[in-house]
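In: fold the following.
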Amino acid sequence: MEKLIIPEGYVSKLSLLETQIAIKKIKDFFESELSRNLSLIRVSAPLMVRPESGLNDDLNGIERAVRFDMLETKYDVEIVQSLAKWKRMALGSYRFDTYTGLYTDMNAIRRDEDLDNIHSIYVDQWDWEKIIKKEDRNKDTLMQIVKQIYNAFKSTEKYLESLYPFLRNELPEDIYFITTEELLQLYPDKAPKEREYLITKDKKAVFLTEVGKKLSDGSIHDGRAADYDDWNLNGDILFYFSTLDIALELSSMGIRVDKEALLRQLTERNQMHKADFPFHQDVINEKVPFTIGGGIGQSRMCMYFLQKAHIGEVQSAVWSEDMIELCRKNEIHLL
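Out: Residues are numbered from 1 along each chain as shown. Down below sits the predicted model:
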């Protein structure tokens with residue numbers, strides 16, 4: 001169990017029942033703040049899509065989607081891995097106005113996930129998307145919305161501390177912005193995850209931009225699908241999580257691809273065959289709106305604010321017997 005971190009002297013500050021009550025309070029409050037700050041309306045979202053639609057997310061291109069055949073229709077469907085492309089299509093179908101958008105509870109199964117303190121095969125997050133204008137596809141727009149999301153985190157921190165004064169966290173007043181290339185230059189002898197850890201421990205809250213874009217040394221900081229975020233206009237929200245002494249990714253987001261960015265990124269990843277998918281054709285022919293969107297991890301956010309050592313303390317999922325036993329011996333109670 002080398003991947004499992006056992007914090008020395010760890011004791012949960014809330015009982016199992018108190019944890020469940022606190023989770024509900026956190027989720028209700030943050031959801032309200034997020035929808036108000038970004039002008040979002042909650043909608044229902046699919047749990048599964050047809051693979052030939054091109055709507056499912058390939059993530060890093062190696063993760064296998066959960067696929068099964070439907071008895072009634074005889075064709076296959078896939079459990080979603082994210083809703084990045086579906087949301088953009090839905091905004092057009094629902095005829096949302098410019099600068100308004102949607103959010104939804106996204107539930108997914110990622111069967112190939114490596115299990116550890118912060119990773120589960122079950123993914124629960126708020127997926128959100130809002131319409132912008134073509135001329136808004138720039139870094140100023142991206143930074144403005146990141147700050148609005150960060151304000152929702154800050155408000156939630158303040159609200160939770162009013163209920164549980166012993167759960168004090170350390171979010172700074174402002175979030176720090178840095179590109180993956182700037183981070184490489186800052187720590188040229190470190191691996192990508194080590195760079196994230198060092199900058200996040202220093203700044204406490206970081207928005208790391210241009211994820212997926214090729215760096216000056218020919219590498220990429222981290223994988224990002226070619227067909228939803230524009231790699232020049234995206235990023236991840238990272239918080240320093242002192243309970244585990246790690247950089248904890250809370251959100252991945254970005255301004256979505258237009259025709260130029262889509263074709264450039266598909267070419268770079270040798271995935272031009274995807275350009276013929278219905279969704280991709282709609283992007284190329286500008287039949288879907290220009291948008292910005294992302295996902296915010298619900299269980300990870302609860303981990304952070306409740307200072308939990310394992311995501312299984314705030315989420316009911318499936319774990320290996322070895323992990324369950326080691327957690328039990330160390331007073332980490334998985335749901």
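In: which strand residues bridge the nearest residue to residue 200 once chain neighbours are set aside?
Out: In this structure, residue 200 finds its nearest non-sequential neighbour in residue 247, 3.8 Å apart by Cβ to Cβ, 6 or more residues apart in numbering. All C-beta spots, glycine's among them, are computed from the backbone N, C-alpha and C. With DSSP bridges applied, residue 247 shows beta-bridge pairing to residue 240.
In: ok, now which ones touch residue 247?
Out: By Cβ atoms under 8 Å, 6 or more residues apart in numbering, the contact list for residue 247 reads 193, 196, 197, 199, 200, 201, 206, 238, 239, 240, 241.
In: burial count for the third one?
Out: To tie it back to what came earlier, the one meant is residue 197. 18 (other Cβ atoms under 10 Å).
In: can you give me the strands in the stretch 201-335 of the chain?
Out: Ranges of strands in the stretch 201-335 of the chain, per DSSP state E, counting those that start in this stretch, are 205-209, 229-241, 246-256, 291-297.
In: and these as TSV, adding mean pLDDT and distance to residue 267?
Out: Below are those laid out as TSV (pLDDT from 0 to 100; distance: least, Cβ to Cβ, whole Å):
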stretch	mean pLDDT	distance to residue 267
strand 205-209	98	22
strand 229-241	97	13
strand 246-256	96	18
strand 291-297	96	22
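In: among the ones you listed, which comes closest to residue 325?
Out: strand 246-256 (22.8 Å; Cβ to Cβ).
In: and the angle for that closest one with strand 291-297?
Out: With axes from the mean of the first three to the mean of the last three Cα atoms, to 10 degrees as the basis, strand 246-256 and strand 291-297 are set at 160 degrees to each other.
In: compute the first-to-last residue distance for stretch 57-71.
Out: 24 Å (Cα to Cα, to the nearest Å).
In: hmm, I typed the wrong one, I wanted stretch 105-121.
Out: 16 Å.
In: what lies in contact with that stretch?
Out: Applying Cβ under 8 Å, 6+ apart, the set of residues contacting stretch 105-121 is 3-5, 45, 47, 59, 62-64, 66, 79-83, 122-127, 244, 246, 248, 295, 298-300, 303, 309-312, 315, 317-320, 323.
In: just the buried residues of that stretch, please?
Out: Neighbour counts using 16 or more other Cβ atoms under 10 Å place 106, 107, 108, 109, 110, 115, 116, 117, 118, 120, 121 of stretch 105-121 among the buried residues.
In: quick check, nearest of those to residue 147?
Out: The closest of the buried residues of stretch 105-121, once distances to residue 147 are taken by Cβ to Cβ, is residue 106, at 23.0 Å.
In: so that closest one: helix, strand or coil?
Out: Residue 106 carries the three-state label strand when classified by DSSP: H, G, I helix; E, B strand; the rest coil.
In: ok, back up a step: just the buried residues of the contacts of stretch 105-121.
Out: Of the contacts of stretch 105-121, these count as buried by 16+ other Cβ under 10 Å: 4-5, 45, 59, 79-83, 122-127, 244, 246, 248, 295, 298-300, 303, 309-312, 315, 317, 319, 323.
In: so who does residue 282 touch?
Out: Residue 282 neighbours (Cβ under 8 Å, 6+ apart): 89, 288.
In: picking up where we left off before, narrow the buried ones among the contacts of stretch 105-121 to those in helices?
Out: 298, 299, 300, 303, 323 (DSSP state H).
In: and of the strands of the stretch 201-335 of the chain, who's closest to residue 171?
Out: Closest of the strands of the stretch 201-335 of the chain to residue 171 is strand 205-209, at 5.5 Å (criterion: Cβ to Cβ).
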